[in-house]
Each structure stands twice: as structure tokens, then as C-alpha cells.
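In: coordinates only, no sequence provided:
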Ligand SMILES: Nc1nc2c(c(=O)[nH]1)N[C@H]1C(S)=C(S)[C@@H](COP(=O)(O)OP(=O)(O)OC[C@H]3O[C@@H](n4cnc5c(N)ncnc54)[C@H](O)[C@@H]3O)O[C@H]1N2
Ligand code: MOO
């Protein structure tokens, strides 16, 4: 019996579950600079997951300040104002953002600019547009004091507290600013910066050893001899892993079991997970299967196309210090499309959840632009694009068609039992055009 792809998804999730616990170990937390995300990815807190919660070290705002350019007043002074009987108040001294806290004399109107401290004694702000005249008077050479005798009229009383941003109304000192587990994006880094926090403890990323196998492989850019191909999987999966928040160590192993086992053993204790590609099917030279089955990794067929042959399990290897460790291994097929579809289905959601990222691709149910057929006994994942009407044009199924994948915008799911579908039928798609 072949495994369903949902069963294999579950198995991968179970295998990786203990890694989540390891990432939560405070001993592994890294202390990184907040730096407003202004440095290169990887060197600041941008995109990292908070390990420890952060309580705000200060009130935000730390002083009552104006939300509008206008006049700070005592609302009681304007209690009797209405459109038929405006109340006129002499203009007092001006406060701008950055000015120290001033004093407000009862029975006056103090010009205040957005962000300026509300002068002591005022309790509300009337926006300049609601004053008469609706523009500031000449505030003199220092832009602080209107000429003696200048006044301004108001035709209604403000609500006490109107347009005043009170102390601690965003966050109070000691209140939870950010919880553990939150991903630090622009808003989170901004909140930390506003509260004056410069360093945070973040979870270390999952560390993955990526091993592409196959003696036909040469690094991109290298001269190819007869029968050789460029290694696409290492570049592709390293990018996919990084995009899912992982840190990647790369190793290209030849088709030789002892070199493969050595490459994996050398990483024991340094990585949380090993991902391999190639060498898992039915050939006479299946290096991954031959090297890892004796160490405890299971090899199976999943009712999935592409991505049928899969390996999964704990490989028992000796660490350089001699101790035995059990390293989680996920072994993908070598065909590039099979490897990337496998990543999408099995690893991406789990790793992204570890990294505080949205685990799932955006999904939709769309109409087929044409008839399709798929193997009845397999869940097929095709690569497609949308036509001018938003209907899905489904590409060919072969798992060497990486160029078509690179130009696709959706993954089209044709579950077990579908077989033939006519144009206009609805199919589930995952958007991959982000
Ligand atoms: N008799 C059978 N043959 C095959 C079966 C089967 O059930 N019975 N399954 C087929 C399926 S499905 C797949 S998928 C592949 C899986 O093969 P392997 O995982 O053993 O992978 P390889 O044989 O090493 O490579 C397959 C293919 O992909 C190319 N490749 C490998 N690595 C890379 C890389 N890093 N970059 C670019 N291309 C790569 C490799 O040259 C092969 O062409 O088995 C089928 N066969
Ligand atoms: O199942 Mo393989 O992964 O089609 O090419």
C-alpha cells in the first residue's frame, strides 16, 4: 500500500516536532540588535522570532501630547461657546514637538503643534481648522509668541481630552510590548525602537544540512562533460529553506555511501535536520537509500506525483566526539520539480510555522481553462498559470520541467480519484506568485 500524501505530511510533522522544542530552549537564544531593520538580512532582528517576551521599559507616549496642530485650551473655558455666541481667548505661548513641557494660563488658548507636550493646565486641543481664524497668527521671529492682544475665537467647547494623546495610551510602562514567538517585522521593530529597546533575545533559526547527491552534478557555471548536468537542487532548496526561515549548510556529495555518511556525521550536533535530494528510487545506484536505510531512515512510496519516492526517519550517526546521535532526515527525490513540490507539501508549512511565518500558501478554487487528466491512484500536483479570465491553464506533469515551474503562478491539486476533469470544472490551487 502506498502512503497518502496526507499521511506522509503527518509523518514529517511528527519527525520535526521535537525541533520546535529545541528552538524554544533559552540557552540557544541569540541576542541581536534591533537597529530598525536597517542592516542586511541576517544581521539584525528583522524577520527573527522573539524568544523572550519584551515588557515596555517606558510609557508610550511618555508625555501627553497633541494629536493635531491647533490650540490647547481648558474645555471649561469654552463651556458656553456655540455658533451664535463664539468665545474669544487671548493667544498664549506656543509649543512645538520637541519643546519642553510649558504652562497654560487659564482663560487662554496656547498654540500647539502635533507631537508637542500639552502645556500644564490645558486639557484638550481644538484643531486649527475649527478655530476662528482657521490659521495661526503671526508668531513672531521666534515663532513662539503672538503679538500682545492677539486672540482666537471658538464656537463650541471641545470634549475634555479631545485630540490629546495621553501618557501610556499606546503601551504603559511594564505592560507586555511583544509576546514570545512573534515574528519581528517592521511594526514590531518600530515598537521596540519607540520604547528604546535596542537588543532582543530571538530564537535561533532551524539549522538544515542540505545534501544534493548524484555524480552527474556540477556546480552552476562549471564546464559540463558528457552526461553531466548543473546542480539545480542545491540552489533551489537552499533558497526555499532560507525563505522559510532556516539557516542552511550545503554539501554536494558524490554517489558514494561513505562520503554521504561522513558529510552527515560531520554535521551531527550542528544541524537540526538533514534534507537530501536524489538517490531514493529503484535504480542500481541509490546512494541515499543505500547509505541511510541501514542507519534507520525509512524509504517509502507516496501516492503523489511528482514526489512519489520519499525517505524519512532518524539516522543514527556518530558525532565527531564519538557520541551517537539520531538526526532527523527528510530525503526528497532528485528530479528538481519533485524536490520542490515535496518541499512545498512536506517541509515548507512546518518550517515556516517554526519561523513565525504564515505556513500555508494562499489557496483558491478556480475553473480549469481546458480538460485535464491525472493518474487515478495519485494526488497530482501540476504547475499552472491563469489565463485572461482567471481560469487555470495546467502545465505538463513531468518532473524535469523546471523551466515551466519557474514561470508558473499556481500549483494545481488533482487529488486521488479525479482522473478526468472537463474544462470549467473547479480545482484547488495554491498561489506561488508572491
Ligand atoms: N523503475 C523506476 N524508476 C523510477 C521510479 C520508479 O518508481 N521506478 N521513480 C521515478 C520517480 S517518480 C522519480 S521522482 C525519480 C527519483 O529518483 P531519485 O530520487 O533516485 O533521483 P536521481 O535518480 O538521483 O535523480 C533523478 C533525476 O533528477 C536529476 N537530478 C538529481 N539531482 C539533481 C540536482 N541536484 N539538480 C538537478 N537535477 C538533479 C537526475 O539527474 C535525474 O535526472 O526516479 C524515477 N525513476
Ligand atoms: O514522483 Mo517523481 O517525483 O514524479 O518525478
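Out: Sure, I can see it. What you see is a predicted model; the values in this text were computed from it and never measured. Numbers count the residues shown, from 1 in each chain. Ligands and ions are numbered 1, 2, ... in the order given.

In: from here on, contacts and neighbour counts on C-alpha atoms
Out: Fine.

In: which residues does the closest residue to ligand 2 within the stretch 51-200 of the chain contact?
Out: Among all residues of the stretch 51-200 of the chain, residue 183 sits closest to ligand 2, at 33.4 Å; criterion: Cα to the nearest ligand atom. If you count contacts by Cα atoms under 8 Å, 6 or more residues apart in numbering, residue 183 has them with 47-50, 355-357.

In: including secondary structure and distance to ligand 1, could the residues you listed go into a markdown table?
Out: Formatted as a markdown table, these follow (DSSP: H, G, I helix; E, B strand; the rest coil; distance: Cα to the nearest ligand atom, whole Å):
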| residue | secondary structure | distance to ligand 1 |
| --- | --- | --- |
| 47 | coil | 28 |
| 48 | coil | 29 |
| 49 | strand | 31 |
| 50 | strand | 34 |
| 355 | coil | 26 |
| 356 | coil | 29 |
| 357 | coil | 27 |
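
In: narrow these to those that are buried.
Out: A residue is treated as buried here by neighbour count (16 or more other Cα atoms under 10 Å); on that basis the buried members of the contacts of residue 183 are 47-50, 355-357.

In: got CSV for those residues, with distance to residue 193 and pLDDT too?
Out: Below are the buried ones among the contacts of residue 183 laid out as CSV (distance: Cα to Cα, whole Å; pLDDT from 0 to 100):
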residue, distance to residue 193, pLDDT
47, 15, 89
48, 15, 92
49, 16, 94
50, 15, 96
355, 22, 92
356, 21, 90
357, 22, 93
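
In: can you redo those residues as TSV with distance to ligand 2?
Out: Listed next are the buried ones among the contacts of residue 183 as TSV, based on distance: Cα to the nearest ligand atom, whole Å:
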residue	distance to ligand 2
47	32
48	33
49	33
50	37
355	27
356	29
357	27
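
In: could you identify the most distant pair in those residues?
Out: Spanning the widest gap among these are 50 and 357, at 12.5 Å by Cα to Cα.

In: contact partners for the closest residue to the residue of the stretch 51-200 of the chain closest to ligand 2 other than its chain neighbours?
Out: Closest residue to residue 183 in three dimensions, ignoring its sequence neighbours and counting by Cα to Cα, 6 or more residues apart in numbering: residue 49, at 4.4 Å. Residue 49 makes contact with 180-184, 202-203, 355-356 under the criterion Cα under 8 Å, 6+ apart.

In: residue 398 now?
Out: Residue 398 is in contact with residue 306, counting by Cα under 8 Å, 6+ apart.

In: Three-state assignment for it, please.
Out: The three-state label given to residue 398 by DSSP: H, G, I helix; E, B strand; the rest coil is coil.

In: and the gap between the residue most central in space within the chain and residue 4?
Out: The chain has residue 357 as the residue nearest its centroid, 4.1 Å off, counting by Cα atoms, centre = their mean. For residue 357, the distance to residue 4 (Cα to Cα, to the nearest Å) stands at 26 Å.

In: contacting residues around the helix-or-strand element of the chain with minimal mean pLDDT?
Out: Comparing helices and strands within the chain by mean pLDDT, DSSP states H and E singles out strand 247-253 as the least confident, with a mean of 87. For strand 247-253, the external contacting residues (Cα under 8 Å, 6+ apart) are 205-215, 234, 238, 241-242, 259-260, 263.

In: of those residues, grab the buried ones for ChimeraX.
Out: Buried residues within the contacts of strand 247-253, as defined by 16+ other Cα under 10 Å, are selected in ChimeraX through the command that follows:
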select :205,206,207,208,209,210,211,212,213,214,234,238,241,242,260,263
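
In: restricted to helices, list the contacts of strand 247-253.
Out: Using DSSP state H to define helices, the subset of the contacts of strand 247-253 located there is 234, 238, 241-242, 259-260, 263.

In: quick one: the strands in the stretch 301-434 of the chain?
Out: 304-305, 309-318, 324-332, 363-367, 372-373, 379-386, 392-394, 410-414, 420-421, 426-431 (DSSP state E, counting those that start in this stretch).

In: out of the ones you listed, deepest packed?
Out: With neighbours defined as mean count of other Cα atoms under 10 Å, the strands of the stretch 301-434 of the chain peak in mean count at strand 304-305, which reaches a mean of 26.

In: which strands or helices does it pack on?
Out: With contacts taken as 3 or more Cα pairs under 8 Å, 6 or more residues apart in numbering; DSSP states H and E, strand 304-305 sits against strand 379-386.

In: how far is the strand it packs on from where the chain is centred?
Out: Between the centre of strand 379-386 and the centre of its host chain there is 25 Å, according to Cα atoms, centre = their mean, to the nearest Å.

In: pLDDT (mean, whole number) over that strand?
Out: Computed over strand 379-386, the mean pLDDT rounds to 98.

In: and for that strand, what are the contacting residues?
Out: The set of residues that contact strand 379-386 without belonging to it, under Cα under 8 Å, 6+ apart, is 5, 303-306, 341, 374, 392-397, 404-405, 408-416.
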